[in-house]
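1. Got a predicted structure plus its sequence, pasted below:
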Amino acid sequence: MKRVHFIAIGGSVMHNLAIALFKKKYQVTGSDDLISEPSKSRLKKYGLLPKRIGWFRENITKEIDFIILGMHAKFDNPELIEAQEKEIAIFSYPEFLYEHSKYKTRVVIAGSHGKTTITSMILHVLNYNNISVDYLVGAQLDGFETMVHLSENNDFILIEGDEYLSSVIDNKSKFLWYKPNIALISGIFWDHINVFPTLEKYKNQFRIFIENIVPGGVLIYNDSDQYLEKIVKNSQNTIRKEKYKSLDYFIENKKTYLKTNFGNLPLNIFGKHNIENLSGAKWICQLMGVDSDDFFEAILNFKGASKRLECLYKYNNSYLYKDFAHSPSKVKASCYAISQQFPDLKKTFCLELHTFSSLNPIFIQEYSGSLNLGDEFIVFYDSKSSKINERDLFSVDYIKKSFDNNRIRVYNKKNDLEEFLLNKNWDETVLLMMSSGNFGGLDLDQLINSFKISSK
């Protein structure tokens, strides 16, 4: 029995990996200074929730075989320091995942946006067709209790490949550990400015990723991305390179239909970016042994990954959607999807500036025009956020100029945003809430209730 300790066990991937190893009969312990839902409940279910919140040097004993270190832990973490002093092996989770999967066929889905949805689509189709694989996905999917599964027998492992850094002591992009046999890149749009301060440095991670594909392997990539097209063309890696593009579709009565040889197929998802995601997923599924008719049959039941254009409420012609969109490219894609799906309804786009990148006075200009397909526009940032300590608060005029939109309402206090949203009539309106955060703690249940009141 291997004994493993997770430093920062509460992360979305870390807690899922902890449960996966527990199911494989590892002896698992962990620590964190903050554990939120759903991580808290899931860890508690398996007896893995730390008895105390915080970091404690006494957690690190010589009986531990290895440490898995999460990105949330910093250099001065007392448990990390203790593990280093005791010379216990320390892995970031992508490094550990590669060690587990180096004798499997590794399928890695990468890209600045869409990777979670594409990975979820593939996993849904495989599960529908009773094809068992190992996997790691960054979002919750219907029908799956946890989003990491590891086995000894499965031939394939499907991995959502993140370009962010692996840990505080491992500054390699996560996806550079995986050395895929089959890879997909959905597109490249500058992100994570706090660790990749220039677009060129960001793009270089994808260049290295492509060179790390196993010779003789396959790269599937989105042909609508000019950055990506150039990088792929210049790669000297001896791999097969295949483009994908959006499949044919149409929208009728607020429903998206896919045009196929099997007829017009109604989908539970919508948006041009999601049809492109579906096309990429189809390519990968074929490489993993799923033919077209089995793919289309399965995809009809796909309802989307958690927090990706997730419908929280609908009644008659009132809709409330929540989306994880936070980078400029994701915001543009989600706003475009809503505008195409609901052309005859009023559209209110509400974006929280929550990430280090979005709160950067230079990077915020990348959002220019991103909300302009709507009828009403809201930008929120939490003036109490730790990410804007030592930064001047943005002026309303600066935000309007950066977004190229003089009609934007700007709020930096949760109570002010809440007052506006809860006292508005939402009849004949679609509200799209976009953030990787929680709008300063906004009560979504109250917002849903206000929709119920105003739409009946």
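-> Happy to help now that I have it.

2. buried stuff in the host helix or strand of residue 22?
-> Per DSSP states H and E, residue 22 falls inside helix 12-23. For helix 12-23, a neighbour-count test (16 or more other CB atoms under 10 Å) marks 13-22 as buried. Every residue, glycine included, has its C-beta placed from N, CA and C.

3. With stretch 71-87 instead?
-> In terms of neighbour count (16+ other CB under 10 Å), stretch 71-87 has its buried residues at 71-73, 77-80, 82-83.

4. How about stretch 143-159?
-> Going by 16+ other CB under 10 Å, stretch 143-159 has these buried residues: 144, 146-151, 154, 156-159.

5. circling back: tell me the one of the buried residues of stretch 71-87 nearest residue 91?
-> residue 83 (10.9 Å; CB to CB).

6. Which element, helix or strand, includes the closest one?
-> Secondary structure assignment for residue 83, by DSSP H and E: helix 78-85.

7. continuing past that helix, what's the next helix or strand?
-> By DSSP H and E, the next helix or strand past helix 78-85 is strand 89-92.

8. by how many degrees do the helix or strand following that next one and helix 12-23 diverge?
-> As assigned by DSSP H and E, the chain's next helix or strand after strand 89-92 is helix 93-101. In terms of direction (axes from the mean of the first three to the mean of the last three CA atoms, to 10 degrees), helix 93-101 departs from helix 12-23 by 40 degrees.

9. All the helices of the stretch 251-400 of the chain, residue numbers only.
-> 272-287, 292-299, 328-341, 396-403 (DSSP state H, counting those that start in this stretch).

10. how near is residue 151 to residue 108?
-> Remark: distance between residue 151 and residue 108 (CB to CB, to the nearest Å) = 18 Å.

11. Once you drop chain neighbours, what's closest to residue 110?
-> Ranked by CB to CB, 6 or more residues apart in numbering and with sequence neighbours excluded, the top spatial neighbour of residue 110 is residue 161, at 4.1 Å.

12. Could you check how many residues crowd around the one you found?
-> By the criterion of other CB atoms under 10 Å, residue 161 has 26 neighbours.

13. which residues does it contact?
-> By CB atoms under 8 Å, 6 or more residues apart in numbering, residue 161 lies in contact with 108-110, 115, 174-175, 178, 180, 183, 209.

14. now stretch 178-193, how far from the chain's geometric center?
-> Distance of stretch 178-193 from the chain centroid (CA atoms, centre = their mean, to the nearest Å) equals 12 Å.

15. okay, residue 386: pLDDT?
-> According to the prediction, residue 386 has pLDDT 52.

16. quick one: which helix or strand includes residue 30?
-> Taking DSSP H and E as the definition, residue 30 sits inside strand 27-31.

17. With residue 72 instead?
-> Using DSSP H and E, residue 72 sits within no helix or strand.

18. returning to that earlier point: how about residues contacting the strand holding residue 30?
-> Applying CB under 8 Å, 6+ apart, the set of residues contacting strand 27-31 from outside is 1-9, 14-15, 18, 21-22, 43, 48, 50, 54-56, 59, 64, 79.
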